[in-house]
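Participant: got a predicted structure plus its sequence, pasted below:
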Amino acid sequence: MNVFLMYPCGDMFQRGEDRCQSNIKSSTSTSMRACNDLGYMAAILRDNHSVFLRDYQTEGASFDELCEDVCKFMPEMVVVSTTNATVFNDMDQIASLKEKTGLSFTVVFKGAIFFDAEKDLISQLDKGVVDIFVGGEIDWVIKDIVEKEDLHSVPGIIIKEGDTWVKTKCDCWNVDLDAIPFPARDLMNNALYTRPDTGEPMATIQTARGCPSNCIYCLTPTISGKAVRTRSPENVFAEIQECYDTYGIKNFFFKADTFTINKNWVLSLCNMIKNSNLDGKIAYTVNSRVKPISEEVLVALKETGCFTIAYGIESGSDETMKLIKKGATVEDARNAIALTKKVGIPIFGFFMIGFPWETEAHIKETEKLIFELDCDFMELHIALPYYGSRFYEMCKSEGVLSGEELGTDYFHAGTTGTKYVPMKRLLGIRKRILLKYHCRPSYIFHKMKACHFSPKIIGNYVKFGLRLVKNALAKG
């Protein structure tokens, strides 16, 4: 079969990030991560099928280029990686693609919002364009989708049968992650995905899936399960080595919601790096919870090239931390940030405002903590009620849904605000805090010093700074 894998034309979103799906343009300092979801599918299929892969959005490619590629490749199946925010535009694009090319092909849409989707959601999405929705981990099921005639035994999908949609079971996951081939990076334009400060190519390497936490706003435990499934350190190291040797990639994002949760696993991977030819030659960034975290792990990360660690801090209000079931306190955040600063790893802090119960006093506590912790990089999200999350059900019961939950993102959330702070006010608060934080003379000087006054890195910081100011001055 000819299988066409793509990120559609349009604005850049983290389409491979089932948990976040970040809007790159509206963020403060986020860069686009590699299209690993497409890469995994390509690696799995290409031994028995013809595969085409292209990330149109990140290339800035045109719709005409997409039509030209489709006409040349003549696909029998088109797989689209979509997001909560872009799903309607993506469907319209596929409809236009079929109309303009006159071709007929099976359409598969992959995205977290389709996981065990309810009838009301499917009814909103049914535009007569899509044949199969995939809400689970697509690398586990793509081979069956392409090769099986009867898809009812394939987990985590929704199949169009006449005028009805049929859901398959969605409570099981692939546990042998080492058996998945590495993403087909020879088909990916690796130069598109760069480290934010230096602009060098940066590969994404998924080290684990699943999360045992109970955060009400997060989709990960729903779509990937609460059991953490971890690749072996040897398998992860082999992918790092391949990226370095074959593609000349020296910078990495180790993707896992719980990267530091298993101390022994982290130390094992760090020891492999330290005792290899890659010691001192690679750099990487990771995500972590503020608890558990230890100085031993942080030192090992620092010694093997960790250039940033991102913490989901979320709130400066212990009441909010408890209600969102974060499993950590404000004091835990303080301790983690202090320990990370002691070791000397730059910090990216993520915060969130806009939960239904929050008053301006709650938000003020978060603002105070943002400046107290003084992270090297910072992002402030508006709480987003994803379909399928407990937060969505909470917003529904509290009467704060806007009625436009699809087509929204962390910076244009689908609520009317909190019960006490309207959305327009929330957006204004976010812009004010971001400008106040990043425009401090002390912060700007610290950033210049941290980059050793490198013209290239300064140029990238200026680019992000201008984006921040532009977003802050934009209406809405």
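Facilitator: Structure's in. What do you need?

Participant: who are the packing partners of the helix or strand containing H446?
Facilitator: Per DSSP states H and E: H446 is located in helix 441-450. Applying 3 or more Cβ pairs under 8 Å, 6 or more residues apart in numbering; DSSP states H and E, one finds that helix 441-450 contacts helix 455-473. C-beta: built from backbone N, CA, C; applies to glycine.

Participant: which other helices and strands does the helix it packs on contact?
Facilitator: Helix 455-473 packs on helix 423-438, helix 441-450, going by 3+ Cβ pairs under 8 Å, 6+ apart.

Participant: now render these as TSV, adding distance to A361 and mean pLDDT.
Facilitator: Converted to TSV, those look like this (distance: least, Cβ to Cβ, whole Å; pLDDT from 0 to 100):
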stretch	distance to A361	mean pLDDT
helix 423-438	12	94
helix 441-450	26	84
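
Participant: of all the ones you listed, which one is nearest T106?
Facilitator: helix 423-438 (39.0 Å; Cβ to Cβ).

Participant: circling back to that earlier point, buried deepest among the helices and strands packed on helix 455-473, which one?
Facilitator: When these are scored by mean count of other Cβ atoms under 10 Å, the highest mean neighbour count falls to helix 423-438 (a mean of 17).

Participant: counting contacts, what elements does that one pack onto?
Facilitator: strand 347-353, helix 360-373, strand 377-382, helix 455-473.

Participant: return the distance of the helix holding H446 from the chain's centre.
Facilitator: 28 Å (Cα atoms, centre = their mean, to the nearest Å).

Participant: sketch out the low-pLDDT regions of the chain for me.
Facilitator: Scanning the chain for pLDDT under 70 picks out the ranges 19, 452-453, 475-476.

Participant: just the CA atoms of the helix holding H446, as PDB, please.
Facilitator: The C-alpha trace of helix 441-450 is given here as PDB (Å, rounded to 0.1, in the frame of the first residue of the first chain):
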ATOM      1  CA  PRO A 441      16.900  44.300  33.400                       C
ATOM      2  CA  SER A 442      18.300  41.600  35.700                       C
ATOM      3  CA  TYR A 443      16.700  38.800  33.700                       C
ATOM      4  CA  ILE A 444      18.000  40.200  30.400                       C
ATOM      5  CA  PHE A 445      21.500  40.600  31.800                       C
ATOM      6  CA  HIS A 446      21.500  37.100  33.200                       C
ATOM      7  CA  LYS A 447      20.500  35.700  29.900                       C
ATOM      8  CA  MET A 448      23.200  37.500  28.100                       C
ATOM      9  CA  LYS A 449      25.800  36.300  30.600                       C
ATOM     10  CA  ALA A 450      24.500  32.700  30.400                       C
END
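
Participant: can you report phi and psi for the residue nearest to N23 when sequence neighbours are not counted?
Facilitator: Closest residue to N23 apart from its sequence neighbours, by Cβ to Cβ, 6 or more residues apart in numbering: D409 at 4.3 Å. The phi/psi pair for D409 (degrees, to the nearest 10) reads phi -150, psi -170.

Participant: what does the one 3 residues further on give?
Facilitator: For H412, the backbone dihedrals (degrees, to the nearest 10) come out as phi -140, psi 60.

Participant: number of nearby residues for it?
Facilitator: Using other Cβ atoms under 10 Å, H412 has 17 other residues around it.

Participant: next: I216.
Facilitator: 17.

Participant: start to end distance for stretch 170-180?
Facilitator: 20 Å (Cα to Cα, to the nearest Å).

Participant: sorry, wrong one. I was asking about stretch 394-405.
Facilitator: 13 Å.

Participant: same question for that stretch: list its buried residues.
Facilitator: 394-395, 400-401, 405 (16 or more other Cβ atoms under 10 Å).

Participant: and if you look at stretch 145-157?
Facilitator: Quick answer for stretch 145-157 (16+ other Cβ under 10 Å): 145-146, 151, 154-157.

Participant: which residues does that stretch contact?
Facilitator: 1, 3, 45, 48-49, 77, 108, 115, 132-137, 140-141, 144, 159, 166-172 (Cβ atoms under 8 Å, 6 or more residues apart in numbering).

Participant: kindly supply the PyMOL command isolating those of the residues you listed that are buried.
Facilitator: The following PyMOL line selects those of these that are buried, judged by 16+ other Cβ under 10 Å:
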select buried, resi 3+45+49+77+108+115+132+133+134+135+136+137+140+141+159+167+168+170
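
Participant: and P422, how far from G428?
Facilitator: Counting by Cβ to Cβ, to the nearest Å, the gap between P422 and G428 amounts to 10 Å.

Participant: again with D92
Facilitator: In terms of Cβ to Cβ, D92 sits 31 Å off from G428.

Participant: repeat for E234
Facilitator: Counting by Cβ to Cβ, the gap from E234 to G428 is 50 Å.

Participant: what does I223 give?
Facilitator: 33 Å.
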